[in-house]
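Below is the structure, and that's it, no one-letter string:
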């Protein structure tokens, strides 16, 4: 599995974990989809949205009001089953300078997209990032954003359940923007898919994004809820878990489209 850690983090003043475990309110993995259904423009919006949210007054105020008053964050981009990239290594945030350093690294350069969508592999890899990371949080959370269902690697439900068994919370940011590519490979009820197949743990929630203009604000809301440790977002309350929901829908769409393309 290929994991690339941004060496530039050391050069721009990020504060990594020390040898001993540092107590924090939250250990947070931000896992962002960079699959081929995302255009270069959308990938840039996504990076800038996370950067803007992390350095915002709302998020900094929520960090400061925590029981300990600091969090640890890492940012990972993901696509197919063997494609995960750590862009920001584990970093302590307890000041505006720390948050701005993370934001600066996120917007220093932008990379292209990669093939397929493996939420299962993203969750599995994100969970390993908590191991020996130098922090000890009151809560451990994976915040996963994506614009389509799982269609690569192992099925998503067993991967999710294995992560939840480790006491890790999974929240979701389904990107329900519409374009030709996502129409062919995506599903209309991606928020319901995330609710039934992806998220889990105490207070887990989803916040759907229906237009890219909403992205930065959605990330801000999500980070505030995750750091504050409050109940799930109101968006989740409007959704309902569906008995018998098909969590293999992404794999079936992939197989269907592949079969169509292979027909003479």
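All right, it came through fine. On a predicted model such as this, the values are computed, not experimentally measured, just so you know.

now the chain, which segments are flagged as low pLDDT?
1-19, 36-37, 110-116, 178-186, 230-240, 242, 254, 257-264 (pLDDT under 70).

where do the helices sit along it?
Here the chain has its helices, by DSSP state H, at 8-11, 40-54, 57-64, 96-106, 119-128, 156-164, 180-185, 190-193, 215-228, 234-237, 249-262.

looking at those helices, which is closest to residue 205?
Shortest separation from residue 205 across these is recorded for helix 234-237, at 4.1 Å, computed as Cβ to Cβ. For the C-beta atoms, the positions are set from N, CA and C on the backbone; glycine is no exception.

quick one, which of the helices of the chain is nearest to residue 137?
helix 215-228 (10.7 Å).

So which elements touch that closest one?
Packing partners of helix 215-228 (3 or more Cβ pairs under 8 Å, 6 or more residues apart in numbering; DSSP states H and E): strand 22-33, helix 40-54, helix 57-64, strand 135-146, strand 169-174.

I'd guessed residue 192 sits against residue 246; true?
No - taking contacts as Cβ atoms under 8 Å, residue 192 lies outside contact range of residue 246: 10.8 Å.

Save the helices and strands packed on helix 215-228 as JSON lines, and put in distance to residue 122 and mean neighbour count too.
Below are those laid out as JSON lines (distance: least, Cβ to Cβ, whole Å; neighbours: other Cβ atoms under 10 Å):
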{"stretch": "strand 22-33", "distance to residue 122": "5", "mean neighbour count": "23"}
{"stretch": "helix 40-54", "distance to residue 122": "14", "mean neighbour count": "20"}
{"stretch": "helix 57-64", "distance to residue 122": "23", "mean neighbour count": "17"}
{"stretch": "strand 135-146", "distance to residue 122": "6", "mean neighbour count": "22"}
{"stretch": "strand 169-174", "distance to residue 122": "10", "mean neighbour count": "26"}
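
So for residue 253, which of the ones you listed sits nearest?
Judging these by Cβ to Cβ, what sits closest to residue 253 is strand 135-146, at 14.2 Å.

Given that closest one, what are its sheet partners and their directions?
Here strand 135-146 has these sheet partners by DSSP bridges: strand 22-33 (parallel), strand 169-174 (parallel).

one step back: quick check: which of the helices of the chain is nearest to residue 148?
Checking those against residue 148 by Cβ to Cβ gives helix 180-185 as the closest, at 5.6 Å.

circling back to that earlier point, compare the helices of the chain and give me the one nearest residue 146.
When those are compared by Cβ to Cβ, helix 119-128 sits nearest residue 146, at 6.1 Å.

any idea of the angle the closest one forms with strand 22-33?
Relative orientation of helix 119-128 versus strand 22-33 (axes from the mean of the first three to the mean of the last three Cα atoms, to 10 degrees): 160 degrees.

Please identify the buried residues of helix 119-128?
Neighbour counts using 16 or more other Cβ atoms under 10 Å place 119, 120, 121, 122, 123, 124, 125, 126, 127 of helix 119-128 among the buried residues.

Check the gap between the nearest residue to the second one once chain neighbours are set aside and residue 126 for me.
With sequence-adjacent residues excluded and distances taken as Cβ to Cβ, 6 or more residues apart in numbering, residue 120 is closest to residue 159, at 3.6 Å. Note on residue 159: its distance to residue 126, by Cβ to Cβ, to the nearest Å, is 10 Å.

before we move on, what about residue 208?
Going from residue 208 to residue 126 by Cβ to Cβ gives 20 Å.

now residue 153
From residue 153 across to residue 126, the span is 13 Å (Cβ to Cβ).

before we move on, the earlier item: list the contacts for the residue nearest to residue 120?
119, 120, 121, 123, 124, 153 (Cβ atoms under 8 Å, 6 or more residues apart in numbering).
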